[in-house]
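In: I would like the atomic coordinates for the input below:
(chains A, B and C)
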Amino acid sequence: MKRAWRGAAVVLGLALAVGVISMTAAGASAKPRASYPRSQTLITSGSQWGNITGTNPYVGGAATGTVGLLYETLLRYDPLKDVYIPWLASNASFVGNQYVINVRPGVKWTDGKAFTAADVAFNINLARFNTSPWNNLYLNVQRVTPKGNTVVVKFKSTPNFVQWQNAMYNMPMVSPTQARPLITDAAKLTTYSPANPVGTGPYKIDPAGWDPTTRVVYVKNTNWWAAKLGVSPSPKPKYIIDLVNTSNTNSLSAVLAGVEDLNNNYLPGVQNLVKQGKVQTYYKKAPYMLSANTAWLEPNTTRQPLNDPVFRRALATAVNVKQIVTQDYGNLVLGASPSGLLPTWSKYIDKAAVKKYGFTYNTAKAVSMLKAAGYKQDSSGFFMNKDGSKIDLSIAVPQGWSDWEAARDMIVSSAKAAGIRLTTKVADYNTWRSDRNTGAFDLVIDNNYQISDNPWTYWNGIYHLPILTTGAGQTNFNFERYSNGTAWSLVQRLDKTPPTNTAAIKEINSKLQTILMQQMPVIPLWYNGQWAQFVSKYWTNWPSSTSTRRYTPIMWNGYLQMTGIDVITHLSPAE
Amino acid sequence: MRRYFLRKIVVYTVTFIVAVTVDWAIPHLMPGNPVLTLMGRIQIQDPQTAQNMYHHYMRAFNLDLPLWKQYWYFWVSLFHGDLGTSIVQFPAPVSSIIVHAVPYTLGLLIPATLLSWYAGNKVGALAARRKVLDNSALPVSYALTATPYMWLAIILVFVFAVTLGWFPVGFAYDPTAMRGFTWSFVSNLAYHWFLPFLSLFLVAFGGWAIGMRNMIIYELESDYAHYLEALGAPQKLVRKYAFRNAVLPQVTGLALALGAILAGALATEIVFSYPGLGYQIYRAITNEDYFVIQGIFLFIIIGILVANFIVDVVYLVIDPRTRVGMEGGRT
Amino acid sequence: MTTAPVAGPADSAPSSVPETASQLTTTQETLYFALRNRKLVIGSAIVIALLAFAIVGPFIARHGPLDYTGHLSWAPTTKSGHWFGTTLLGQDVFAQFATGLRLAFLVGVVGGGIAATIAMLIGFTAGYRGGALDEFLNMITNIVLVIPTFALLLVIAAYLQVRSVMVEAILIGITSWPWAARAVRAQTFSLVSRDFVDMARLSGRSQMQIIFTEIAPNMSSYLFMMFILLFGGAVLIAATLDFIGLGPSGTISLGMMMQLSVQNAALQLHLWWWFLPPGIAIATLVGSLYVMNVGLDEVFNPKLREM
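Out: Predicted coordinates:
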């Protein structure tokens, strides 16, 4: 019997030792340190899908907060107030064919050097590489001249006012001291990822906590210019830890247990928990979340009968969006307006046009529209093409996106009620995507184009020409392959209209909306939310619609430099 | 003995080549283009810039070479220890992704496999001789082994983590923990490790217990057992010999079961958001990350081949009949 | 002798000599002991009950398994026929459960059947012919055995455009046969050297005839038990594949129920009626199959009847 016990001890010890050693070896450092004090740490998640690839602000997969916490931008943008916030630039505006940037004095890099006009010029000139997201804008730049505290950007021709303005709150300022020797060609721009990046932002990367499969840790920059100059309150959390996403429901458990403070995942059922007071959201009642982008039904407008605007309008009228909003999303989203313009762009909405050309869910009306247009129904009640052939349209969403799958099923059944036959097509995300890009689809549910400073990004996405029929196909815009020269030239005109010409802007927007509602190149369905749920176990003073803190509580790419950073700088420790 | 090992090595080598080829081939046969996924993460407004980047990445990943060239380069890099670069988590090398994930998976797999094997065999042997234990342990073991791994994980999470709050709901360690060889970190790791380990352990335990119990019964009915009994040997001695003989198939069974427990570990990692290989491979498949899928598969294949080889050696050591047979004796 | 990961059938041919004084035929004797074996009776009863439920269930359900009824997150109730409650999105759990159970049986029969067929083909051929053919088949068996089949299934299933239950079952069938092939081969070896086989050979029967008329019937009990184990294994593998998200599209299975419930925060929202039934069903079905297997083993192998 003793031998058995010995055997047991050996096996047990071996097994446990292997377990412990292997896991501790998963990145333990040699020096023992204390853990991060929870009450001084803000823990977030919901932005980092997949392992952290580094700190490159131009390519996806970089640590959350690379732009916003670490690197900053010349301006910021508040989508709820629709104002630009001077940031690293104390002033920036168009003067004729030039853009004049006044660099704010007193800004310092974390290596102690001053932030100068030459640094700004360096960063703008990085767009000369064809791997830069702003390369197309740079092609219209003649010269970038830093002088004293000013940078003058001279354009070759009429500036792209809208796109340039958008770039001003998205283009990160990286340290030339670090970047100049390293970014020497287009490829190096995409691999630039220093381990100890130097930025101007309120936080620095803490290399000791870095674990690409689990988290990124930021430590407060005590010399942050904005706090020192009184431009912004100093953030209270000493550390910010953003966790790599694993699963939505584990994030939910973490939030409920107070292991996370803020989570930006879509968490189905969270409305029930808000009602029970277990988590908080921006709005206390439906829709609970601010809106982030428009989800729409994209038809392939080159295929019969989707090439008929009347058919598209009938389809739009046949979809029961309310069912999707209440049953699929539990009212966590808002049904879209007929033009699909996000609520923050409501000032551009042409109410008269909406009244005249808008649509609402009405099965009977859809049927009568089709009949009036000459479509006939077959023996089972489904409409046929005008040439008598069967209508059987496929509708696809990426496999596994369960809320879209449910929405798709609801659309199929509500279309059926109006006599339009839709068939579910299943594909994994990448197949779905390449089918969409190459035009190998009938209908897809899709969403793109986050909230921004100008509906131009929305219109550009719908009307952009030319349509690429070879290679990778449509990679960024106009997946529905809608060709309307008038609309596209209006979009281009909008880009070239100076922001001071409010009358022209209004008129163009009005025309574009009308075209959309009459032609329905895309069918707006609902607005996806800026998913944000938070708890006050360690931090309070979160944003809410009923307070003065009307900020976007989102850590996703592009949101921190909107008002995400204000969320962080206004938090107070819970007592 | 030489023939035994030679045979085994030939089989493993052929298996390796076949497996590597299959491993390389399957991801390439899938539709869709992973470079497009990478492109989607970069918000490029201008189509021309987008096309430039697209070609740039296609070249970077050799995706524009003919298939047979890609296959050849695959073997070449394999022998250089280069498993490629992840497409979706560009520019992270696949080997670094694996290195970060492997300790967590091994940390679950090895203790769970060994401990469940040991405990299962012990309990199975005990159950074979005591009717009371047999009537209680056996149905429980059947229930356990028939339970899908992820369901037991779900139940454990629901009862012990969500409802009772005794254990954490998932993750490898507390987000605020500082990594290091400190007691606080190690105990934090163990605290998060316990439930995933337990769910793997329990299901595997059931299987071993049942197997062992049946083997013992079978052995107790064999000729040599009856002979010993006829000679008047004590029951304990008979059982000891029976146990030794019964353990043999359990050892080979260990190598076979590795594949099943690996599957269980994958599902369990998903339920607990445990950052091991299972979770990485799941993400890689969802995102069609060629090189990561290949790299992890390769790693798994090599691991299982090595494990099988170890088991073969152990079997050779503990079963004298194999040795005698190898050395030219006749069974 | 290698065992399956779970209970392995004993390695001996069934006795063909009646043990009781009265001259019962083999079949009658088998039935006699079968009906008296508690494990076999209870196991089969449960399996048959589940099968009956699977057949009848979808008909008595008041809703389709995928219908959105608008009744969100209801606990089990008699209202509107939601006896097992509803999901977060308002689908009827009872209907899903019944449909899923049906699919489980389908996967088990088809997947287990295909695996059993392949195992028999390879095992019989290798065992009977021996020699170089045996070595070759052995090598193939070892290769398929060692390759982590679950990982392989994961990859294949992930890339398929069409995800249906049949395809899933076929994939499982063509990857889970190795241990069974080995077992069949071992059994065939022991039978091949028996006198009655020599007699058959002398009488000029062809190989196929000998295999299927002499050897197989003597192993029939063994083959049946093997099929039961393959059935159970197929159900488990399918459930795991479905859970990971590779389940059939356009329908719902037990593994998918578990997946959807976890994805939709059923754990945190305490919607226990959503994730408990599928797991209980699988555990019960597979467990009963295993118990049946042991019972059958005892019936066919008199040595095990004591205990």
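
In: can you tell me which residues contact residue C:189?
Out: By Cβ atoms under 8 Å, 6 or more residues apart in numbering or on different chains, the contact set of residue C:189 is residue C:127. To be clear about C-beta, it is placed using only N, CA and C from the backbone, and glycine gets the same treatment.

In: that's a helix at it, yeah?
Out: Yes. Applying DSSP: H, G, I helix; E, B strand; the rest coil, one finds residue C:189 inside a helix.

In: and it, how far is that from chain B?
Out: Counting by Cβ to the nearest Cβ, to the nearest Å, the separation of residue C:189 from chain B is 13 Å.

In: Report pLDDT for the residue nearest the centre of chain A.
Out: By Cα atoms, centre = their mean, chain A has its centre lying nearest to residue A:450, at 4.5 Å. As predicted, residue A:450 sits at a pLDDT of 90.

In: any idea which helix or strand carries it?
Out: Assigned by DSSP states H and E, residue A:450 belongs to neither a helix nor a strand.

In: who's in contact with the residue lying closest to it once chain neighbours are set aside?
Out: Sequence neighbours aside, residue A:293 is the residue nearest to residue A:450 in space, at 5.1 Å (criterion: Cβ to Cβ, 6 or more residues apart in numbering or on different chains). By Cβ under 8 Å, 6+ apart, residue A:293 lies in contact with A:342, A:447, A:448, A:449, A:450, A:451, A:527, A:528.

In: Specify the local secondary structure of residue C:174.
Out: Three-state call for residue C:174 (three-state DSSP): helix.

In: could you give the mean pLDDT of stretch A:173-193?
Out: 92.

In: Any idea how far apart the tips of that stretch sit?
Out: Using Cα to Cα, to the nearest Å, one end of stretch A:173-193 lies 14 Å from the other.

In: Stretch B:84-98 now?
Out: 12 Å.

In: near chain B, which residues of the stretch 451-575 of chain A show up?
Out: For the stretch 451-575 of chain A, the residues in contact with chain B (Cβ under 8 Å from any Cβ of the partner chain) are A:460, A:464, A:466, A:468, A:471, A:472, A:475, A:476, A:477, A:557, A:558.

In: Quick one, which of those residues are buried?
Out: A:460, A:464, A:468, A:472, A:475, A:476, A:477, A:557, A:558 (16 or more other Cβ atoms under 10 Å in any protein chain shown).

In: Near chain B, which residues of the stretch 251-400 of chain A are found?
Out: A:253, A:254, A:257, A:259, A:260, A:400.

In: Just give me the residue right at the centre of chain B.
Out: Central residue of chain B (Cα atoms, centre = their mean): residue B:262, 3.0 Å from the mean position.

In: my guess is it meets residue C:150, correct?
Out: Yes. Using Cβ atoms under 8 Å, residue B:262 is in contact with residue C:150, at 6.5 Å.

In: Residue in chain A with the shortest distance to chain C?
Out: residue A:426 (4.1 Å; Cβ to the nearest Cβ).

In: Burial check on the closest residue to that residue other than its chain neighbours, number of neighbours?
Out: Spatially, and ignoring its direct neighbours in sequence, residue A:426 is nearest to residue C:249 (4.1 Å; Cβ to Cβ, 6+ apart). Residue C:249: 15 surrounding residues under other Cβ atoms under 10 Å in any protein chain shown.

In: so residue C:96 makes contact with residue C:65?
Out: Yes. Between residue C:96 and residue C:65 there is a contact under Cβ under 8 Å: 4.4 Å.

In: How is residue C:127 assigned, secondary-structure-wise?
Out: Secondary structure state of residue C:127, per three-state DSSP, is helix.

In: residues touching it, list them.
Out: C:134, C:184, C:185, C:186, C:187, C:188, C:189, C:191, C:192.

In: So what's the residue count around the nearest residue to it once chain neighbours are set aside?
Out: Spatial nearest neighbour of residue C:127, excluding adjacent residues (Cβ to Cβ, 6+ apart): residue C:188 at 2.6 Å. The tally of other residues near residue C:188 (other Cβ under 10 Å) stands at 24.
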